[in-house]
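Asker: Whatever this is, show me its structure:
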Amino acid sequence: MKTHCWVRASDSDFTGRLPRPRSGHTAVNIGKSKTVFFGGLVDKKFLNDVTVYDIDNNMWFQPECTGSGSDGNVGPSPRAFHIAVAIDCHMFIFGGRSGGNRLGDFWVLDTDIWQWSELTSFGDLPSSRDFAAASAVGNSKIVMYGGWDGKKWLSDVYVLDTISLEWTELSVTGTVPPPRCGHSITMIEKRLLMYGGRGGGGPIMGDLWALKGLIKEENEAPGWTQLKLPGQAPSPRCGHTISSGGPYLMLFGGHGTGGWLSRYDIYYNDCVVLDRVLVQWTRLPTSNEPPAARAYHSMNSVGSRYLLFGGFDGKSTYGDLWWLVPEDDPIAKRLTTSPSELIPERNATMAAKEGQIEEGSALSELQKRLEISNVLPNPENIMNEMEDKELIKLASKIGGEEASSDMQAVQALRDHWMKSAPQSISLKELGPLLHDYKRFITRNHIGKLGCKLELADSGFRGKDAFRFYHVKSASQLRMSDIPNLLAEYKELLSSAGIGLTG
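Answerer: Below you'll find the model as predicted:
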């Protein structure tokens, strides 16, 4: 598998007006020519706009859609956490939520003429729900699994014939997965693969299941099988994405929980690949730091690239666009010719001030249901030096030639940073530097001052001190942040009595 790298999309990549920040939206590929984005949520506001990425022309546009529904509107009402599936040139939409209401309406958008139609279906009609997952089956059917109906997590399987508009609830015998929402499903040849999600009262799940019996010609009785594949499986999560690209399924992001006695929240930004040829999990080799961790984003395969957009990290809603590309992709050259493009201006709309979301808001209810809280970084989650493989690797390269132990190499690296000017700090050093900065704060200040970091007597510069402690990854730093981060780090070393050794 080729090594990939993350590249922040720049204005020069596109023409047209980019989509607004959002999470809980959908994005579907219409053939190989365009990706259609719909709906989502930002600042407690539900959206129903359509934004299109024209792949051939690298252009974004917002089509003026026509149509009418039972309520007289042109298209679906504003919503998030719905399902969207592409069949030929049509994008089918079902369910989701708007405010405190789960939705059960059914729409299709003809992307050739940009016309919405509200559909009247029949058969075994599914209940209103959000956080379900769906996938195309061949070129005329859609399968939907699970979700949340406002009272319980669901484990039902529905198949829609998009020609007759008839829903059929699939009768599945034998062992079935626990009910869940926030999971992903992907149709791979004759089997439907389902991963992760959140179920009632239990931990977030990391199980992988396969469903047979969806292809009529195979004449198989519907049944679930739990798969336990070798390799580096992803940690349990929900709100992630799985994108299909050739022989690989690319899983990115999502939300999970950590800790034991005191649980805390984790948002992920790792890429895990399910290799369909080797039938195993593996970590995608990447040459640089990923974008900020997030869930309820979208990630679509665009040729040999993947396009990441939006998402939510427990506090902020993102509007950034990122490419994940093989190292030999032409835009990967930006990493050496224009380093500033790697460190993004954080294009995020704050969901609430200081991470405290107003009671009763849509995101607050979502957080309660998925047991997501707005917590400060857990001090116990800061690893020590000898467990920080990224730090040890960098220390062995920069300061480890004469060191007799890993700890001496780390001290030599700290000496290097003490002597360094901001402009001499390379991009590969930012991650380990940020981790070490947070390590010193956790050890020497949080325990003495409390998690609020009230620093009046700490010897630091008032309210601006420790301003980077809550930054989750170096990809969230701006170029202008590096001098301040380095200055604070040097003060931390000095206050801890760690100066230059030679």
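Asker: looking at this structure, which helix or strand is least sure?
Answerer: strand 348-350 (a mean of 38; mean pLDDT, DSSP states H and E).
Asker: pLDDT weak spots in the stretch 251-400 of the chain?
Answerer: Within the stretch 251-400 of the chain, the segments meeting pLDDT under 70 span 259-263, 336-382, 399-400.
Asker: go with 50
Answerer: 337-360, 371-380 (pLDDT under 50).
Asker: can you give me the strands in it?
Answerer: All strands of the stretch 251-400 of the chain, identified by DSSP state E, counting those that start in this stretch, fall at 255-258, 264-267, 271-275, 280-283, 298-302, 305-309, 316-318, 321-326, 348-350.
Asker: Packing partners of the third one?
Answerer: In this structure, strand 271-275 makes packing contacts with strand 248-252, strand 280-283, judged by 3 or more C-beta pairs under 8 Å, 6 or more residues apart in numbering; DSSP states H and E. All C-beta spots, glycine's among them, are computed from the backbone N, C-alpha and C.
Asker: Other residues contacting it?
Answerer: 1, 4, 193, 229, 231-234, 242, 247-252, 280-284, 286, 290, 324 (C-beta atoms under 8 Å, 6 or more residues apart in numbering).
Asker: any idea which of the helices and strands packed on strand 271-275 is most buried?
Answerer: With neighbours taken as mean count of other C-beta atoms under 10 Å, the helices and strands packed on strand 271-275 reach their highest mean count in strand 248-252, at a mean of 22.
Asker: so how many other residues sit close to the nearest residue to residue 490 once chain neighbours are set aside?
Answerer: Excluding its sequence neighbours, the residue lying closest to residue 490 (C-beta to C-beta, 6 or more residues apart in numbering) is residue 418, at 5.8 Å. The number of residues packed near residue 418 is 16, by other C-beta atoms under 10 Å.
Asker: Check which helix or strand residue 418 maps to.
Answerer: Residue 418 is part of helix 406-419, with elements assigned from DSSP states H and E.
Asker: distance between stretch 117-127 and the chain's centre?
Answerer: For stretch 117-127, the separation from the chain centroid amounts to 31 Å (computed by C-alpha atoms, centre = their mean, to the nearest Å).
Asker: Just the residues contacting it, thanks.
Answerer: So stretch 117-127 is contacted by 67-70, 76, 94-95, 104-108, 110, 144, 149, 154, 156, 158, 160, 165-169 (C-beta under 8 Å, 6+ apart).
Asker: Point out the ones among these that are inside strands.
Answerer: In strands, judged by DSSP state E, the following of these are found: 67-68, 94, 106-108, 110, 144, 154, 156, 158, 160, 166-169.
Asker: closest to residue 176 among those residues?
Answerer: Of all these, residue 176 sits closest to residue 156, with 9.8 Å by C-beta to C-beta.
Asker: Could you measure from that closest one over to residue 147?
Answerer: Relative to residue 147, residue 156 is positioned 9 Å away (criterion: C-beta to C-beta, to the nearest Å).
Asker: Residue 107 now?
Answerer: Residue 107 is 17 Å from residue 147, where distance means C-beta to C-beta.
Asker: So for those two, which sits in the more crowded spot?
Answerer: Between residue 107 and residue 147, counted using other C-beta under 10 Å, the more crowded position is residue 147 (32 against 20).
Asker: For the nearest residue to the more buried one once chain neighbours are set aside, list the residues it contacts.
Answerer: Spatial nearest neighbour of residue 147, chain neighbours left out: residue 132 (3.1 Å); criterion: C-beta to C-beta, 6+ apart. When contacts are counted by C-beta under 8 Å, 6+ apart, residue 132 touches 83, 94, 95, 144, 145, 146, 147, 154, 181.
Asker: Just the pLDDT for residue 132.
Answerer: Here the pLDDT value assigned to residue 132 is 98.
Asker: Quick check: it vs residue 485, distance?
Answerer: To residue 485, residue 132 is 42 Å away according to C-beta to C-beta.
Asker: Then residue 7?
Answerer: Where residue 485 is concerned, residue 7 sits at a distance of 23 Å (C-beta to C-beta).
Asker: Over to residue 427?
Answerer: Residue 427 is 13 Å from residue 485, by C-beta to C-beta.
Asker: Comparing the two, which residue is more hemmed in?
Answerer: Neighbour tally, residue 427 and residue 485, criterion other C-beta under 10 Å: the higher count belongs to residue 485, 20 against 17.
Asker: quick one on the thing from earlier: got a markdown table for the helices and strands packed on strand 271-275, with distance to residue 273 too?
Answerer: Compiled in a markdown table, the helices and strands packed on strand 271-275 are given as follows (distance: least, C-beta to C-beta, whole Å):
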| stretch | distance to residue 273 |
| --- | --- |
| strand 248-252 | 5 |
| strand 280-283 | 5 |
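Asker: closest to residue 215 out of these?
Answerer: strand 248-252 (19.0 Å).
Asker: Neighbouring strands - and their directions - for the closest one?
Answerer: Partners of strand 248-252 in the sheet, by DSSP bridges, are strand 241-245 (antiparallel), strand 271-275 (antiparallel).
Asker: roughly how far out does that strand sit from the chain middle?
Answerer: 12 Å.
Asker: That one to strand 321-326, inter-axis angle?
Answerer: 140 degrees (axes from the mean of the first three to the mean of the last three C-alpha atoms, to 10 degrees).
Asker: Now do strand 248-252 against strand 305-309, angle only.
Answerer: Compare the direction of strand 248-252 with that of strand 305-309 by the same axes, to 10 degrees and you get 20 degrees.
Asker: coming back round to it: closest one to residue 496 among the helices and strands packed on strand 271-275?
Answerer: Nearest of the helices and strands packed on strand 271-275 to residue 496, taken as C-beta to C-beta: strand 280-283 at 34.0 Å.
Asker: Which residues outside the closest one are in contact with it?
Answerer: 1, 229-234, 270-275.
Asker: just stretch 215-226 next, same as before
Answerer: Residues contacting stretch 215-226 (C-beta under 8 Å, 6+ apart): 137-138, 157, 170-177, 190, 207-214.
Asker: for stretch 12-25, same thing?
Answerer: Contacts for stretch 12-25 (C-beta under 8 Å, 6+ apart): 37-42, 47, 49, 51, 53-54, 57-62, 80-81, 294-298, 309-312, 317-319, 321, 323, 331, 347-349.
Asker: All good on my end, thank you.
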